[in-house]
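Chemist: Give me coordinates for this.
(chains A and B)
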Amino acid sequence: MAKTKKESSKKKILLVEDEPLLIDLYSEYFDDSEDFTLNVAVNGKEGLEKAQDGADLILLDILLPEINGFEVLRKLKQNNSTKEIPVIVFTNLGSEESDKDKQLALSLGAEDYLVKSYHTPDELGDIIKEKLR
Amino acid sequence: MRSDNYNAELINIFYGYKNSKIRLNSIVLFLSMRKIGLPPGLSLDRLWGQYINRYKSTSKLENFLPLLELTVNDQYPFSYLSNKACQFLVQKSNFMIVMLVTSTESSINDLASTASDRKTKLYLQNGSLRKVLSKPHEIRREIDLLDSEKLTVYHLPLGILKGVNICLVAFGKELVSLDYNLAKITADLLRNRIKTENALESAMEANNRLSTIAYHLTNGMVMLDENKRVTVWNRPMQRMTGFSPQSSLGNVYGKVLVRQDKPNWLEEFMEKYPQVASFSDEFTLVNGKTISVTGAFLGEQHNHIHTTIMIIRDVSDQRQLEEKKDEFISIATHELRTPVTVIKGYLDLMTKTGDELSDKQKAFLDRIGQANLRLIKLSEDLLRVVRIEQDQTTMNVKPNNLYSLTKNISQHFTIRSKQKDVAVILEKPEFVCMVFADLEKTEIVVSNLIDNAIKYTRPGGRVTIKFKESSNRFTHDKQIIMEVSDTGIGIEAKKLDQLFTKFYRAHAPEEVKEPGTGLGLFITKSFVEKQGGTISVTSTPEKGTTFFITFPRVDSGIITSKKEKNGKDKKRK
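Modeler: Residues are numbered from 1 along each chain as shown, chains lettered A, B, ... in the order given. Next up, the predicted model:
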């Protein structure tokens, strides 16, 4: 595993996700990535805590235990230390076709609304790179 | 003075017979004319009115004649009457009019057997009298009685009422022309009365038949008069609305078919579609019930002389079940997304690090990937259908360049069209192709149409996409028509109507070896129409199919400068 970039120059991604199969999949991709390091929070509360530690971008699931994703998003955008972090809602809820969940997410300040099953990890990486450019 | 007594007695007879409880099947009016005397110029109904006047404060014949009805309806007794009647006939009068409700033999026998007076009995038992009474036509006879007296009988058939023959008979020892005339006039009046009764009865029957139908219908039935007031409101309507027929009749429809969103829904519809004679609609009442209404306007609408008739069905349970079904599909397909995401993700990771894989293994992975894609497409289509049916599809309609959008989408099909050897030709329009459309949904629409066209075209064929300027036939608003035509296997005319319905596939899967859910065109049509467009299709089997979609056009004046910039595009890709 040749890594050409230094750890410090890699972008810090926080993935808020409770599904172990998906955590494994994205860890696999991001751990091998030259561009990103991945931090995982397995519920909304942990997501809010880990966001305090700083991140370049947050991938946020909606159907989460304890605090749901919309609520997490609202809180992230209310908090001064986290409100500047771009958030991509990354979920298997709803659709990317401008329906109500997407509209709610965008109105709460999400950068984008992505449905997981539409994208391979690679495509997701490209979209993140685009957003962080 | 004497005549007054007779009159009083006559009235007593009427009332006696009317009040008695014994049932019998024949009866009768009496008149002692000779004794009363009929003053010149006194009409019959005034005369009859005189009788009534003694007991009631009206002199109208109408109030008297219901006796006829009572006689027939309730079969009032005659034994009580006949005693008195016979006494009357024998002792005090030499003229009597009897109205027999039936002219059958048995009723004549009844009359005879119940007569207590011997003389009367003899009259009635006399065979020649019976003969007279059984004639179907008017007849006047003198009958010899046993004691060598003569009895004159005048028989006038009146007609049939409620299935019973009715005749009027005048008896008398010495009948004069006045008696005959009186009998005749009475008969005429009664015939008219019977005619009216019969007409009324058939009208009632028709009405009853209608009420019976309405009553026994499991569907609701409502009729409104020209003022939109309820004239018919059957039992099922009470179940649906809570309003009983009694409380609904005479009310304006809006008070009993209460709709929160549109209180005057019927007027609104009629204003919107003044030429339409029938309608169907589905909506939710304030009590939460969802009803389906099919209605028709009878008569000339613009003259406001018309009746509205509606058949109404309670579809609440059905809708609730559908909601549950949709909810289930929604949950199941959302759940499905996680495993397909995982499969998709690892497949991609494996092919990216694919040096250690053999070509065969790579081919297998490719097939797993294709199968997974099909699974994804199916669940996405199902979710779209659920959203359409629950009316949750929101449209974000903005100006979009339809040509550029189509060009992007068609590029997704490059590999597939090459593999199948079907050329996809996108004709660049001469005008700026700006339309009002929801970007993501229009991408799905265009993608579905190109996908279908390739699917149903044999190798060597071609798919052509064109754009045309046009205007709406009714509103004259400017629009753009997009045509997607193929040289494919085509669709039979009889199948075209169903093409846009859910789960409908014009070709059996074994006929065309292409996967599909039968949801694509349903989704396409919903999306197009929700954006204010239309979709239509023409097809010739073995020649090909063309779909036409219209989009509202963005006023071209604003954006003409853009036209020059992307002017040169190759027509064929």
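Chemist: switch to C-alpha atoms for all contacts and neighbour counts from now on
Modeler: Will do.
Chemist: Now do the contacts for the closest residue to B:Leu249 other than its chain neighbours.
Modeler: Setting aside the residues directly before and after it, B:Leu249 is nearest to B:Val230 in space (Cα to Cα, 6 or more residues apart in numbering or on different chains), at 5.0 Å. Neighbouring residues of B:Val230 by Cα atoms under 8 Å, 6 or more residues apart in numbering or on different chains: B:Val222, B:Met223, B:Leu224, B:Ser248, B:Leu249, B:Gly250, B:Asn251, B:Val252, B:Tyr253.
Chemist: Now do the SS call for the residue nearest to the third one when sequence neighbours are not counted.
Modeler: Read that as B:Leu224. In this structure, B:Leu224 finds its nearest non-sequential neighbour in B:Val230, 4.5 Å apart by Cα to Cα, 6+ apart. Secondary structure assignment for B:Val230 (DSSP: H, G, I helix; E, B strand; the rest coil): strand.
Chemist: And the helix or strand of chain A at the bottom of the mean pLDDT ranking, what's buried?
Modeler: Within chain A, confidence by mean pLDDT, DSSP states H and E is lowest for helix A:100-107 among all helices and strands, at a mean of 89. Under the neighbour-count criterion of 16 or more other Cα atoms under 10 Å in any protein chain shown, helix A:100-107 has A:Lys100, A:Asp101, A:Lys102, A:Gln103, A:Ala105, A:Leu106 buried.
Chemist: check contacts around the fourth one.
Modeler: Right, the one you point to is A:Gln103. So A:Gln103 contacts nothing (Cα under 8 Å, 6+ apart).
Chemist: how near is it to B:Ser536?
Modeler: Note on A:Gln103: its distance to B:Ser536, by Cα to Cα, to the nearest Å, is 31 Å.
Chemist: Closest residue of the stretch 401-550 of chain B to chain A?
Modeler: Taking Cα to the nearest Cα as the measure, the stretch 401-550 of chain B has B:Glu440 as its residue closest to chain A, at 5.3 Å.
Chemist: correct me, but A:Asn68 touches A:Ile62?
Modeler: Yes: assessed by Cα atoms under 8 Å, A:Asn68 is found in contact with A:Ile62 at 5.6 Å.
Chemist: Pop the domain breakdown of chain B in here.
Modeler: Here the domain parsing of chain B from automatic domain parsing is B:2-205, B:219-314, B:319-389, B:397-565.
Chemist: Ends of the shortest one, what's the gap?
Modeler: When you say that, I think you mean domain B:319-389. Domain B:319-389 has an end-to-end distance of 11 Å (criterion: Cα to Cα).
Chemist: still on that earlier bit, so between A:Asn68 and A:Ile62, which is more surrounded?
Modeler: Between A:Asn68 and A:Ile62, A:Ile62 has the larger neighbour count (other Cα atoms under 10 Å in any protein chain shown), namely 24 against 16.
Chemist: Count the neighbours of the closest residue to chain A within the stretch 201-350 of chain B for me.
Modeler: As assessed by Cα to the nearest Cα, chain A sits closest to B:Thr341 within the stretch 201-350 of chain B, at 4.3 Å. By other Cα under 10 Å, 24 other residues sit near B:Thr341.
Chemist: Then A:Lys12?
Modeler: Neighbours of A:Lys12 using other Cα under 10 Å come to 18.
Chemist: Likewise for B:Ser539?
Modeler: By the criterion of other Cα under 10 Å, B:Ser539 has 20 neighbours.
Chemist: same deal with B:Phe548?
Modeler: Counted by other Cα under 10 Å, the residues lying close to B:Phe548 total 17.
Chemist: quick one on the thing from earlier: and the least confident helix or strand of chain A, how far out from the chain's middle?
Modeler: Helix A:100-107 has its C-alpha centroid displaced from the chain centroid by 16 Å (Cα atoms, centre = their mean, to the nearest Å).
Chemist: swap in stretch A:38-58?
Modeler: That offset, for stretch A:38-58, works out to 9 Å (Cα atoms, centre = their mean).
Chemist: So what touches it?
Modeler: By Cα under 8 Å, 6+ apart, stretch A:38-58 touches A:11-19, A:23, A:27, A:30-31, A:64-69, A:72, A:75-76, A:81-82, A:85-88, A:132.
Chemist: Of these, which belong to helices?
Modeler: Using DSSP state H, A:Ile23, A:Ser27, A:Phe30, A:Asp31, A:Gly69, A:Val72, A:Lys75, A:Leu76, A:Leu132 are the members of these that sit in helices.
Chemist: How about the second one: what's its closest non-neighbour residue?
Modeler: Ranked by Cα to Cα, 6+ apart and with sequence neighbours excluded, the top spatial neighbour of A:Ser27 is A:Leu38, at 6.8 Å.
Chemist: go on, the fifth one?
Modeler: Taking Cα to Cα, 6+ apart as the measure, A:Gly69 lies nearest to A:Ile62, with 3.8 Å between them; neighbours along the chain are not counted.
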